[in-house]
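In: Pasting the sequence and the predicted coordinates here, then a few questions.
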Amino acid sequence: MDGKMKKIALIIITILSFSASATEIIYTPINPSFGGNPLNANMLLSKAQAQNKHKAPVIEKGYAEQFQDSLERTYLNRMVREITDMAFGEDIEDSIFNQDSIFMSGDYQIEVITSTTDSITVKITNILDDSVVIIEVPRFG
C-alpha cells in the first residue's frame, strides 16, 4: 500500500510540475456590422432570409391599373421635359405650356404658371388633404 501511495504521489508531483501555458482569449466578431469580416455579410444574410417566415404581401395590379400608371408616368415625363426645355430657353412652338395650365393626375392637381418672364412656377396640390408644394424653376435662356 505504501508503494502504491508513492506512485500516486510521484504521478501527482510530475503532473503539477509541468508549467501551465495559456494565452488571452481573443474575440473576433463575425457580423460585419460589429467589426467582423465584410465577406461574412452574404452568408449571414442568406441564413437570416432562410429563417425568415414572413413574406411581404403581393399586390398585383390589373391591366387597367397598369395602363393608367403608364399613362400617368408618360404624361408627367412630358411635362417635366417641356418645363426643362422652357427653362433653358428652347422655343417650343406646340408646347402644352404656351399659356398657364392646370392638369389633374390621380389625387394631385398640377398648375404650371409660365406667364412670368424670370421663372416657371409649378404648384402641386394634393386634393385629398389640400397640401401644396410650390416649385420655382428659373429661366436660363
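Out: Perfect, I can see it now. Numbering: from 1, shown residues only.

In: Using PDB, write down the CA coordinates of stretch 60-71.
Out: This file holds the C-alpha atoms of stretch 60-71, laid out as PDB (Å, rounded to 0.1, in the frame of the first residue of the first chain):
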ATOM      1  CA  GLU A  60     -50.900  42.600 -58.200                       C
ATOM      2  CA  LYS A  61     -52.400  45.400 -60.400                       C
ATOM      3  CA  GLY A  62     -54.800  44.700 -63.100                       C
ATOM      4  CA  TYR A  63     -54.200  45.600 -66.700                       C
ATOM      5  CA  ALA A  64     -56.300  48.800 -66.500                       C
ATOM      6  CA  GLU A  65     -54.300  50.000 -63.400                       C
ATOM      7  CA  GLN A  66     -51.000  49.200 -65.100                       C
ATOM      8  CA  PHE A  67     -52.100  51.100 -68.200                       C
ATOM      9  CA  GLN A  68     -53.300  54.100 -66.200                       C
ATOM     10  CA  ASP A  69     -49.900  54.200 -64.300                       C
ATOM     11  CA  SER A  70     -48.000  54.000 -67.500                       C
ATOM     12  CA  LEU A  71     -50.100  56.900 -69.000                       C
END
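
In: Can you give the distance of the longest helix along the chain from its chain's centre?
Out: Criterion DSSP state H: the longest helix present in the chain is helix 63-87. Here helix 63-87 shows a centroid-to-chain-centroid distance of 24 Å under the convention CA atoms, centre = their mean, to the nearest Å.

In: ok, and for it, which residues are buried?
Out: Of the residues in helix 63-87, those with enough neighbours to count as buried (16 or more other CB atoms under 10 Å) are 79, 82-83, 86-87. Quick note: C-beta positions are derived from backbone N, CA and C, even for glycine.

In: what packs against it?
Out: Helices and strands touching helix 63-87, as assessed by 3 or more CB pairs under 8 Å, 6 or more residues apart in numbering; DSSP states H and E, comprise strand 101-105, strand 108-113, strand 119-126, strand 132-138.
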